[in-house]
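**Q** with the sequence up front, the predicted model follows.
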Amino acid sequence: MPGLLRGVARTAVIAGTATAVSNRVSRRQGGRWAQQDAQQQAQQEAQQQAAAPPPPPPPAEAPADDMTTKIEQLKQLSTLKEQGVLTETEFAEQKRRLLG
């Protein structure tokens with residue numbers, strides 16, 4: 001019996017040690033992989049920022065084009081009102097938004 005207990009105890013110690021070592025190795029590898037992923041992501045972001053210049057500002061619209069557009073939109077609104085799609089109140093609201 002004492003030999004059997006010694007064998008079981010020894011097996012338990014070996015198994016426990018192996019589990020502890022395996023867990024530690026897994027945690028260290030996971031940490032290394034996470035660090036590598038973070039470095040790769042930082043490199044990719046830096047490359048994207050360096051590669052993509054900021055977009056140019058949109059060109060300013062000429063006032064004449066803007067007024068022409070508003071006139072066209074007003075004509076469309078009045079056509080919709082005449083067809084009965086818009087009520088007088090809806091037409092007034094849309095016109096206020098367009099001109100305001």
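**A** The structure has been received and is ready for your questions.

**Q** alpha carbons only for contacts and neighbour counts from here, please
**A** Noted.

**Q** give me the residue at the spatial middle of this structure.
**A** E45 (13.5 Å; C-alpha atoms, centre = their mean).

**Q** just after the helix or strand hosting that one, pick out the following helix or strand.
**A** Following DSSP states H and E, one finds E45 within helix 2-51. Using DSSP H and E, the next helix or strand after helix 2-51 towards the C-terminus is helix 63-83.

**Q** and for E90, the neighbour number?
**A** Residue neighbour count, defined by other C-alpha atoms under 10 Å, stands at 13 for E90.

**Q** tell me which element it falls in.
**A** Going by DSSP H and E, E90 is in helix 88-99.

**Q** show me what that helix is packed against.
**A** helix 63-83 (3 or more C-alpha pairs under 8 Å, 6 or more residues apart in numbering; DSSP states H and E).

**Q** send me the helix it packs on as CSV with only the CA atoms.
**A** Below are the C-alpha coordinates for helix 63-83, written out as CSV (Å, rounded to 0.1, in the frame of the first residue of the first chain):
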residue,chain,number,x,y,z
PRO,A,63,-23.3,81.9,-56.3
ALA,A,64,-24.9,81.8,-59.7
ASP,A,65,-25.0,78.0,-59.6
ASP,A,66,-26.4,78.0,-56.2
MET,A,67,-29.2,80.4,-57.1
THR,A,68,-29.9,78.4,-60.3
THR,A,69,-30.2,75.3,-58.2
LYS,A,70,-32.6,76.9,-55.8
ILE,A,71,-34.8,78.3,-58.6
GLU,A,72,-34.9,74.8,-60.1
GLN,A,73,-35.9,73.3,-56.8
LEU,A,74,-38.6,75.9,-56.3
LYS,A,75,-40.0,75.1,-59.7
GLN,A,76,-40.1,71.4,-58.8
LEU,A,77,-41.8,72.2,-55.5
SER,A,78,-44.4,74.4,-57.3
THR,A,79,-45.0,71.6,-59.8
LEU,A,80,-45.6,69.1,-57.0
LYS,A,81,-48.0,71.5,-55.3
GLU,A,82,-50.0,72.0,-58.5
GLN,A,83,-50.1,68.2,-59.0
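
**Q** just want the angle from it to helix 88-99.
**A** Orientation of helix 63-83 against helix 88-99 (axes from the mean of the first three to the mean of the last three C-alpha atoms, to 10 degrees) gives an angle of 170 degrees.

**Q** thanks a lot, see you next time.
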